[in-house]
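A.B. asks: Here's a sequence, model it:
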Amino acid sequence: MTISISPAAHKQLFAEMSSVELTCHPDPLDLQDFMGDFPSDLGKGVWRTITLRDGLQLQLGNLHLHDRYLSAELEGGCDWLELHLHLSGFHTYGDGGIGAGQYGLFGSGLCPAMPMDVCDREAFWEVIVGIRVDALRSFIGDGNGELPPALQPWVRSVDQLYYCRYDAATPAMQLAARQLLRCGFQGLPKRMFLEGKALELLGLVAAAETDRYDGDRSTPSRPYLPNDLTDRIHQARDILRQRLDNPPGLAELSRLVGLNDCTLKQGFRQVFSTTVFGYLHDYRMEQARQLLSTGEMKVIEAAKAVGFVDRSYFAAAFRKKFGYNPSALKSTRN
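C.D. replies: Predicted structure coming up:
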């Protein structure tokens, strides 16, 4: 059964959730930290909103929905960017969707009216980092507030269609999101911790966008592939990213994206200039390096997070890839 909700009713439910009478301060030392019960007509759980500073906001959702529901966002323009990362739960915006281990990045600009479909397949854990354009420019812009070329599409005027990207969240992104959800501090230490982690999460996404931009610029021209085939190859890549700890074999991966083995292998090499499992190996190594760089994981923990069981094999592969032992990253943080 699917519940349909008009935009006005949807807006009213969330307005009621945000009302003073129905919210509380989970941290008595922080009056900018609000938590309210999720609208009971839609489900149960809590939604928390923390204003970290002017132009930087964090929202944390821990919900379980009664049923699927459909709504629609009102058309409008805004000067905020939002990063939505899901640790569980699934919903769609228009033609895109965010599931467990994925994120959606929505830039400033015109947000068209679109249907939203939220599904109750599992408990819903979501982290949203919102940053206003002027705050973003102050953090990563140059002396004139200009953003790096790779990130300039994030910011568009209120009459231009906003930038939107859905992608797999890396293990480092998911770790930062979990730390945001599980922060046990209060008062000033809490605010400092949450702001740092929120910016870290944005930084990891910015790094991924920059890598993608640099890769597109340096990639030589390749034989033409039909759009549908290219989409399936990218879908296969996303599956590998989402299942680092238990990746599918080539036959299963081919079946999941609706291609035969030969077409998948050839197409993957054309799109990414490497084999399927060459890509998986390199991606695992890079994600392990990011996790170790935080200084918060042991080598064996980082290895398991990206799908390696044997520490010795992981260390040898890491050393071959980067030229130094994974433990070297740990020692530089001490």
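A.B. asks: Flag the shaky bits of the stretch 201-334 of the chain, pLDDT-wise.
C.D. replies: Along the stretch 201-334 of the chain, segments meeting pLDDT under 70 span 215-224, 330-334.
A.B. asks: Helices of the stretch 151-300 of the chain, start to end?
C.D. replies: Assigned by DSSP state H, counting those that start in this stretch, the helices in the stretch 151-300 of the chain fall at 171-181, 187-218, 227-242, 250-257, 261-272, 276-293, 299-305.
A.B. asks: and Tyr162, which of these is closest to it?
C.D. replies: Among those, helix 187-218 comes nearest to Tyr162, with 14.9 Å by CB to CB. C-beta: built from backbone N, CA, C; applies to glycine.
A.B. asks: buried sites along that closest one?
C.D. replies: Buried residues in helix 187-218, counting neighbours by 16 or more other CB atoms under 10 Å, are found at 190-191, 194, 197-202, 204-206, 208-209, 213.
A.B. asks: Determine which two of those residues are furthest apart.
C.D. replies: Lys190 and Tyr213 (34.4 Å).
A.B. asks: And for the spatially most central residue of the chain, nearest residue in space, chain neighbours not counted?
C.D. replies: Closest to where the C-alpha atoms of the chain average out (CA atoms, centre = their mean) is Tyr103, at 2.8 Å. What sits nearest to Tyr103 in space, not counting adjacent residues and going by CB to CB, 6 or more residues apart in numbering, is Leu85, at 4.2 Å.
A.B. asks: which other helices and strands contact the one helix or strand that neighbour maps to?
C.D. replies: Using DSSP states H and E, Leu85 falls within strand 80-88. In terms of contacts (3 or more CB pairs under 8 Å, 6 or more residues apart in numbering; DSSP states H and E), strand 80-88 is packed against strand 96-98, strand 102-106, strand 124-132, helix 133-140, helix 171-181, helix 187-218.
A.B. asks: I'd like to know which of these lies nearest to Glu296.
C.D. replies: helix 171-181 (7.5 Å).
A.B. asks: and the angle from that closest one to helix 227-242?
C.D. replies: Interaxial angle, helix 171-181 versus helix 227-242 (axes from the mean of the first three to the mean of the last three CA atoms, to 10 degrees): 60 degrees.
A.B. asks: Pull the residues that contact helix 171-181.
C.D. replies: Outside of helix 171-181, the residues within contact range by CB atoms under 8 Å, 6 or more residues apart in numbering are 58, 60, 62, 85, 87, 101, 103, 125, 127, 169, 194, 197-198, 200-201, 204-205, 244, 287-288, 290-291, 294, 296-297, 305-306.
A.B. asks: again, 7 Å this time
C.D. replies: By CB atoms under 7 Å, 6 or more residues apart in numbering, the surrounding residues in contact with helix 171-181 are 58, 60, 85, 87, 101, 103, 125, 127, 194, 197-198, 200-201, 204-205, 244, 287, 290-291, 294, 305-306.
A.B. asks: re earlier: the helices of the stretch 151-300 of the chain: which one's closest to Asp37?
C.D. replies: Within the helices of the stretch 151-300 of the chain, the stretch nearest Asp37 is helix 171-181; the backing value is 17.4 Å (CB to CB).
A.B. asks: Angles on the backbone of the residue nearest to Ile300 when sequence neighbours are not counted, please.
C.D. replies: Leaving aside its chain neighbours, Ile300 sits nearest to Arg311 (5.0 Å; criterion: CB to CB, 6+ apart). Backbone torsions of Arg311, given as degrees, to the nearest 10, read phi -60, psi -40.
A.B. asks: again with Phe308
C.D. replies: Residue torsions, per degrees, to the nearest 10, at Phe308 are phi -100, psi 130.
A.B. asks: Now Leu31: which helix or strand?
C.D. replies: Assigning secondary structure by DSSP H and E places Leu31 outside every helix and strand.
A.B. asks: distance of Gly145 from Ser138?
C.D. replies: Look at Gly145 and Ser138: by CB to CB, to the nearest Å, they are 7 Å apart.
A.B. asks: no wait, Gly96
C.D. replies: Distance, Gly96 to Ser138, by CB to CB: 29 Å.
A.B. asks: Closest one to Gly45 out of the buried residues of helix 187-218, please.
C.D. replies: Leu194 (19.7 Å).
A.B. asks: neighbours of the residue nearest to Tyr103, just the number please.
C.D. replies: 25 (other CB atoms under 10 Å).
A.B. asks: Okay, now the unreliable bits of the stretch 51-200 of the chain?
C.D. replies: For the stretch 51-200 of the chain, applying pLDDT under 70 flags the ranges 67-77, 93-95, 113-122.
A.B. asks: Look up which residues are beta-bridged to the residue nearest to Tyr103.
C.D. replies: Tyr103, Val127 (DSSP bridges).
A.B. asks: Would you mind measuring from it to Asn246?
C.D. replies: The spacing between Leu85 and Asn246, counted by CB to CB, is 21 Å.
A.B. asks: Gly258 too?
C.D. replies: For Gly258, the distance to Asn246 equals 21 Å [CB to CB].
A.B. asks: ok, these two, which is more surrounded?
C.D. replies: Using other CB under 10 Å, the more surrounded residue of Gly258 and Asn246 is Gly258, with 12 against 6.
A.B. asks: what's near enough to touch the more buried one?
C.D. replies: Per CB under 7 Å, 6+ apart, neighbours of Gly258: Arg232.
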